[in-house]
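Student: Sharing a model prediction with you, sequence too.
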Amino acid sequence: MATVMKTTRDVKGVGLSIPRPDGPEKVTGQVQYVADIKARGLLHAKLLRSPHAHARILRIDTSKARALPGVRAVLTAADIPELKRKAPTRAHAVLAIDRVMFVGHPVAAVAADEPAIAEEALDLIEVEYEVLPAAVDPLQSMQPGAPPVAEAGTEADTSEAMAHGAVTVAKTEAKPTKAVNISQQSRLHRGDIAKGFAESDVIIEKTYRVPMVHQGYLEPHAVLAQWDTTGFLTLWASTQGSFNTRSEVADVLEISENRIKVIPVECGGGFGGKIRALCEPITAILARATGRPVRYVMTRREELEAGMPAPQVIIRLKTGVKRDGTLMALEAETILESGAFSGAVLAVSAVFLASMYKWPSFEVRGFEVLTHKPSIAAYRAPVAPQTIFAIDSHMEQIARALGLDPVEFRARHLMREGDPMANGQPWQSNGAAEVLRRIAEHPLWKNRAEWAAGSGKDGHGLRGTGLALGGWLGGLQPTGATVRLNPDGSVSVLTGQVDIAGTNIALAQIAASAYGVDIEHVRITTGDTDSAPVTGLSAGSKTIYTVGVAVMEAAKDARRQTFEVAAAELEASIHDLEIEDGKVFVRGLPDRVVTLAQIGKKGNLYMSKVQPVLGVARPAFSQQAPAFAAQLARIEVDPDTGELTLHAFVVVQDAGKAINPLGVEGQMQGGAVQSLGMALTEALNFDDNGKLTNPSLLDYRKLTAADLPNIETIIVEVPSPAGPFGARGVGEPPIIPAPAAIANAIEDATGARLTHLPLTPERIALELVAQGARAGISLRSGVTSGIV
Amino acid sequence: MAKQTLKCTINDDAVEVLVQPYTTLLDALREDLGLTGPKEGCGTGDCGACTVHLDGKPIASCLMLAMQVRGRAVRTIEGLGRADALHPLQDAFVRHGVPQCGFCSPGVLMAAAALLAENPHPTEPEIRYAIAGNLCRCTGYTKMLAAITEAAGATSAREGA
Amino acid sequence: MRRFELALPRSVDDCLKTLAKRGADAKVVAGGTDLLPQLKNGLLRPAFVVDLSGVVLLRRLGVNRQGLRVGAAVTAREIELDPRIQKDYPALAESGALVGSIQIRNLATVGGNLCNAAPSADMAPPLLALEAEAVIAGPQGKRRVPLVDFFQGVRRTVLAPDELLVELVVPAPKARSGGNYLRHTPRRELDIAVVGVASQLTLSNGVCAKARIALAAVAPTPVRATAAEQALEGQPVTPEQIERAAELAVGAAQPISDQRGSAEFRRHLVRVLTRRTLTTALARAGH
């Protein structure tokens, strides 16, 4: 059911809640993901993975596997000459050469007629390992003398930081320590913290810990690879960036980028986990070895054991304030565990700790640490939820300790436009203060005392309310788009931007508004790496912010070209022309008309001298548009079991300009639930040998519909200077505040301050038991709770 | 290994197909019968993406062997509605902007359809429990609740209930 | 999953014949909700699988004044929804309702839950508290084993490779009986018990005539808390008695610490859930 609307040059297309046009395909099961694609002669790939976190490979014997009928190829690193001995990135670590660096590190690859045969072939591969000491705990791994993780000479990788438009940090002043597994360091400082602490009345020091978590996309990594007889490779990939995939595969295989075509197939969720190449190189190599199309789909177990999760984050935070609430000093260490390869956006964590609020003096040290675990990748606002968990929890505790209103306390000290962030960069204009103001007006906040009054009565649990504020600076990346007038007057938009968040409909709305036609006459296509203009990742909340500008400018370019043709036709000035209802006419002279179809045909007729209308834009960007979200949780805690019931949850978010409010709401709700998962239930649990103990979705717990209330959304619009129609990125802010909001609500309800995620019933219950023991109250009788 | 003959009904059609004995129902539907609507999200029954109806009841097709449905009736998302004749649930999902990546949608719709067939006027908690076996990572479930609630009204209105 | 052959017996006898031949390297499948994940993880690699879905007898569910006869292949969902079980054996219905999700409950069988013999098997505690018996068919005919003797260790039961669990027999509780099953899980659905407790009380002349308390996930097998039971019997059931029984139940637990829960938390939960299930069982007994 299309929504027909008129558009003119004012923003009528923009701002409408239009359902995504691919909705009917998705609800009927017609849309195709990689694993749905049929191919003649298809072979199935499986990988043999290391059971050890750190070991030397002494011997691999694949002879029995090769002999199994139905097996078409068995490869080890010895069969792949282009593999680099020192794999600079995880994508290059296609198969271990002589050393495995994490449990799950691939050691051999099989392609077979059926998945079951491929699995049996893996059983027949014999590998002899010499197990080596492994660095499994990041704090120990940071010490000199820890077992080294990286091959000597592999550099720290900050490309992820750039892609997410994080923040820049001046070259480190810190003296490098001798700890070989510290792969990135930073130090930010301002003023004199010793003096600041000396003059403080209240000092609070806590350590916050967030384990590694998985991005949790429901469709596992999947890729289909096929070579043609000229040595040209086609990859059908579930990816957030077809051009990035192409570049990485080209680099690993040492072939040129124009010998690879990456077709971005519908992606069943990415959230940052499908940016870097992972399965594509080995699948391509198997396809080359067998001369057949090969498909590799990761199992859920492989995803959890050997995917590319979010880093573990450990933040020690110490603050000093005066009794009247004046901020004095902040000291922090943020440690990001990156697994076997570098790549965490350390700068985000270090900068955000001291940039949300105005600390006159601070000292923040950041460390990225390597361990023998699967290397990390981005996860929706990488390290921001973990960092805001620390700083926002801390601000709440300070407010409570001083008896100050938690919202006023944050608002009072919030950095504003122009204030220097911790790295000296001035804050761009943003809606943080507005978002905070709006959430404080919500009845759930205003009436929180009434909710709390029911705590422990009539069989109810302990009741509380908490909120938190966080934001994201937004990524930037150059991009391109074309807008074309077809011979029938319809409009076609082409980008290379993978649509993972429903951005295509919003881009079409932008094109419709900027060109001057009804949205139903605009069709947008996501091209592959052969057909589309080069573009960046669908990540960093930057698709509308950057590609939206490209589409807008290309549409304006096409509109100008259209007017040039019409002006010649109508003998008028281009400045006097309008487009309405598919016609170009002279303002005030409705009879002097030429239709878009006529213009379109003119640019296409045999022997015509009229140029076709092809609007092109290829912008690059320098100005970020920070976007903030605040979240509020109303909770009830069973004091005996620690079970937490989320009664209500609100997201207030600054979208700048909501191009498609329906889509923006979906991003706010989805991001909030991911945030709540990090807060309440999710953790990748590794044992002392670096082995994952919860490699299934039974024990890696994502929230179900039964665990949640409706997520209420409130969109605030503080326009950005440079975004299309004032839009800001909306994908990442909503994943940020919930862990802090929940921790704050738990303290409000129970008095217990928890600093280690996830905030499980066990942690809550045992903390209450300890609290009761400290207060001399036994919970055995159930007297304190009122619950039998 | 010798294949076995599976005879059953799928989406109201009588079907006879040769399958490997170790093939799951999910794989038989997807690979042998061309019905790629049901998805594999985990393979162990923990995500609901493979939900289909077996004799009208929602089940995890990744946990059944294909031969276990011999003589029985299976319905997949392809048998719920078509693009030109959407089931009220599918129509409501589209209009409420539910599908984002879309990977969970077939499973959720089958779970919701089974709910409405058994309980035409579910409460919010009943809906939440009915789809609690379907993980979604994109939407946060809120719009699904609104769509299913609306479709429940529409379905019973349609049937004059 | 690796390759295997599949047998499709139509009767218990057919099945026994097949198990007699192939029992050693064969696995039986009913709902598949425990077996298939284990096959996919490579924990089990049978060359031969025997499908029970064609053996109609195993799906029979009968209720009369003597009690309940539940075929081994009756599903958790059927147990959850059967109004007779809800009325007279509520702890059992409650446990069925908690297994996995609806999509799993429509497949998972009570027999599978028991034969898989995970310490956390949800349907075991209510059946133990209701003093159920397992009816086992084998080459020598049928034998009955009280459920309390059925479990031997983690994932181990008394079943020989050539035997098949065919039904559970549950005696009808006396008048003025009540039961309840509660478990703690981090999520509302799709989860597995950190601790599960079933309590069943029968009152007579103002005192507790019979008390049965069974625990899941706190020992290698589901276990009865017999000291707690004995402390309750012969006394009126008061909050203080309940509290004492809850404390004694903790003594019956030998929990391990694993990622699902620490031993300390599990002991704490045994106390809490025993207290709560006894309180509900008492109310249901019509006090």
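Tutor: Done, it's in. Residues are numbered from 1 along each chain as shown, chains lettered A, B, ... in the order given.
Student: List the neighbours of the host helix or strand of C:Ala93 that are in contact with it.
Tutor: Here C:Ala93 sits within helix C:90-98, counting by DSSP states H and E. Here helix C:90-98 makes contact (C-beta atoms under 8 Å, 6 or more residues apart in numbering or on different chains) with C:68, C:76-82, C:85-86, C:105, C:110, C:122-123, C:125-127, C:129-130, C:170, C:178-183, C:185, C:193, C:196, C:198-200, C:277, C:281, C:284. (Each C-beta comes from the backbone N, C-alpha and C, glycine too.)
Student: now for the helix or strand that it is followed by, which elements pack on it?
Tutor: Following helix C:90-98 in sequence order, the next helix or strand is helix C:102-105 (DSSP H and E). Packing partners of helix C:102-105 (3 or more C-beta pairs under 8 Å, 6 or more residues apart in numbering or on different chains; DSSP states H and E): strand B:57-60, helix B:105-118, helix C:76-81.
Student: Just the buried positions in stretch C:139-151, please.
Tutor: Using 16 or more other C-beta atoms under 10 Å in any protein chain shown as the test for burial, stretch C:139-151 gives C:147-148, C:150-151.
Student: I should have written stretch B:143-154 there, sorry.
Tutor: Applying 16+ other C-beta under 10 Å to stretch B:143-154 flags B:143-152, B:154 as buried.
Student: Take those and keep only those in helices.
Tutor: Cross-referencing the buried residues of stretch B:143-154 against helices under DSSP state H gives B:143-152, B:154.
Student: Which residue in the residues you listed has the weakest pLDDT?
Tutor: pLDDT across these is at its lowest for B:Ala154, which sits at 72.
Student: and A:Ala743, what is it in contact with?
Tutor: Neighbours of A:Ala743 in contact, by C-beta under 8 Å, 6+ apart: A:389, A:393, A:396, A:466, A:679, A:753-755, A:759.
Student: Nearest to chain A, out of the helices and strands packed on helix C:102-105?
Tutor: Closest approach to chain A among the helices and strands packed on helix C:102-105 (C-beta to the nearest C-beta): helix B:105-118, 4.5 Å.
Student: Any residue of that closest one touching chain A?
Tutor: Yes - counting by C-beta under 8 Å from any C-beta of the partner chain, chain A has neighbours in helix B:105-118: B:105-106, B:109.
Student: TSV please, covering the residues you listed and showing neighbour count and pLDDT.
Tutor: Below are those laid out as TSV (neighbours: other C-beta atoms under 10 Å in any protein chain shown; pLDDT from 0 to 100):
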residue	neighbour count	pLDDT
B:Ser105	31	98
B:Pro106	32	98
B:Leu109	32	98
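Student: Now do the strands in chain B.
Tutor: Taking DSSP state E, the strands of chain B run over residues B:4-10, B:13-19, B:51-54, B:57-60, B:73-75.
Student: Could you say which of those strands is packed most deeply?
Tutor: Highest mean neighbour count of the strands of chain B: strand B:57-60, a mean of 29 (counted as mean count of other C-beta atoms under 10 Å in any protein chain shown).
Student: How far does that strand sit from its chain's centre?
Tutor: Here the centre of strand B:57-60 is set off from its chain's centre by 8 Å, with C-alpha atoms, centre = their mean, to the nearest Å.
Student: Show me the strands paired with that strand, marking each as parallel or antiparallel.
Tutor: Strand B:57-60 has its sheet partners listed here by DSSP bridges as strand B:51-54 (antiparallel).
Student: Excluding chain neighbours, give the residue nearest to the most centrally placed residue in chain B in space.
Tutor: The centre of chain B sits closest to B:Met110, judged by C-alpha atoms, centre = their mean, with a distance of 2.8 Å. Closest residue to B:Met110 apart from its sequence neighbours, by C-beta to C-beta, 6 or more residues apart in numbering or on different chains: B:Thr51 at 4.5 Å.
Student: Tell me what the one you found is bridged to.
Tutor: For B:Thr51, the beta-bridge partners under DSSP bridges are B:Ala60.
Student: related to what we said a few turns ago, could you check the pLDDT of the residue nearest to the centre of chain B?
Tutor: At B:Met110, pLDDT is 98.
Student: swap in A:Pro176?
Tutor: At A:Pro176, pLDDT is 49.
Student: ok so, going back, of the ones in helices among the buried residues of stretch B:143-154, just say which sits nearest to A:Thr482.
Tutor: Nearest to A:Thr482 among these is B:Lys143, at 32.8 Å by C-beta to C-beta.
Student: residues touching the one residue in the stretch 151-300 of chain A that gets nearest to chain C, list them.
Tutor: Nearest residue of the stretch 151-300 of chain A to chain C: A:Thr299, at 7.8 Å (C-beta to the nearest C-beta). If you count contacts by C-beta under 8 Å, 6+ apart, A:Thr299 has them with A:220, B:43, C:40.
Student: Now, of those, which are buried?
Tutor: Buried subset of these (neighbour count, 16+ other C-beta under 10 Å): A:220, B:43, C:40.
Student: just the residues you listed now: which is nearest A:His372?
Tutor: Among these, and counting by C-beta to C-beta, the member closest to A:His372 is A:Pro220, at 23.4 Å.
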